[in-house]
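Enquirer: the sequence isn't on hand, but the structure is:
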């Protein structure tokens, strides 16, 4: 600690904020690793089965780390939280397009882009505190921590009724990332206000009614979960509600006044549409094999859905938005695919067509 006291941590904190913004992070805040204030809400969410089949969230070891970040990094003194916007240009005009893809998946996978930027930020910090030994852990939507709560504690914004972190004047189309570090920075002031007010647009607009009153989501009914994390079948009673979404869902963000009014400026790191999306064609994608899927989407968030999950999503969307050009590839899946789930979905699509 004596070595830390030789460093002007407030001056360094200001320098880190400037550097972070130069790297493309539009918001940055500092907080401490004390236990989250709303951990009980998360624990109840797990116990009520709202995590669906996401077993990585329910493991005792990861639950414990979410309650106490020091179990991840015992030397942790501070947590730096950064936000990076991903809103593509013209996002507000995309709602009626088919098929529908969550805005964050229009560009390349943020798991590829953001860690490289965080590495640059860490190198900057290390260069400023030498010879102090810096211990840290870096996460980009991958670690056992409660990101949105940490972001609120760090002063970035509030957790909205749609469960997204909303940043005043900017909206919610943001990625969050964190640096757990052993430098004892003074924490920023927690964001205390709630600007959702009496608005319930997100809750009212959700086609599957998955948004709960305590600002959590029932993943079992969430379109984003069903089309990304879900490795099984999509319940038939929910298929029509998915409409044309083939990867993720933005409805609860698209209707939010904070996004309608403010989230119009794309970030240079993410606003470019990836080549795989530019070349998207549902007929072609219904025909691709595993190797072609990997080659096309390996650098895209869409790869997270896996081959069978992606084909499943395409079939559900096709069943809700049928076109004659889809007949041939769907019959091919029905008659020749080795996966019984995809064959069942192909039959469901054709049944819908003739009803």
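Expert: Received it, and whenever you're ready, just let me know what you need. As the structure is a prediction and not an experimental result, all values here were calculated from the model.

Enquirer: the longest helix that the chain contains: which residues count as buried?
Expert: What stands out as the longest helix in the chain, according to DSSP state H, is helix 110-129. Using 16 or more other Cβ atoms under 10 Å as the test for burial, helix 110-129 gives 110, 113, 114, 117, 118, 121, 122, 124, 125, 128, 129. Every C-beta, even on glycine, is put in place using the N, C-alpha and C of the backbone.

Enquirer: can you list contacts of that helix?
Expert: Applying Cβ atoms under 8 Å, 6 or more residues apart in numbering, the contact partners of helix 110-129 are 7, 12, 15-16, 19-20, 23-25, 82, 84, 86, 104, 134, 136, 138, 140-142, 175, 177, 179, 181, 183, 269-270, 299, 301.

Enquirer: next step: these restricted to helices.
Expert: Reading helices off the contacts of helix 110-129 with DSSP H, I get 12, 15, 16, 19, 20.

Enquirer: now do the contacts for the last one.
Expert: So that's residue 20. Per Cβ under 8 Å, 6+ apart, neighbours of residue 20: 28, 82, 121.

Enquirer: now do the first one
Expert: If a contact means Cβ under 8 Å, 6+ apart, then residue 12 has 125, 128, 129, 183, 185 as its contacts.

Enquirer: likewise the fourth one?
Expert: Remark: with contacts taken as Cβ under 8 Å, 6+ apart, residue 19 is in contact with 121, 124.

Enquirer: domain map for this structure?
Expert: 1-273, 274-355 (automatic domain parsing).

Enquirer: for those, give me a markdown table that also has mean pLDDT.
Expert: Output for the domains of the chain, formatted as a markdown table (pLDDT from 0 to 100):
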| stretch | mean pLDDT |
| --- | --- |
| domain 1-273 | 91 |
| domain 274-355 | 93 |
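
Enquirer: so the closest residue to residue 146 other than its chain neighbours, which of the three states?
Expert: Once flanking residues are discounted, residue 146 sits nearest to residue 36: 4.9 Å by Cβ to Cβ, 6 or more residues apart in numbering. Three-state assignment for residue 36 (DSSP: H, G, I helix; E, B strand; the rest coil): coil.

Enquirer: my read: residue 36 touches residue 65, true?
Expert: No. Assessed by Cβ atoms under 8 Å, residue 36 is found out of contact with residue 65, at 11.2 Å.

Enquirer: so what's residue 279 up against?
Expert: Counting by Cβ under 8 Å, 6+ apart, residue 279 makes contact with residue 296.

Enquirer: now swap in residue 341 and tell me
Expert: Taking Cβ under 8 Å, 6+ apart, we find residue 341 in contact with 232, 233, 308, 312.

Enquirer: any idea how far it is from residue 311?
Expert: 9 Å (Cβ to Cβ, to the nearest Å).

Enquirer: I am finished for the moment; much appreciated.
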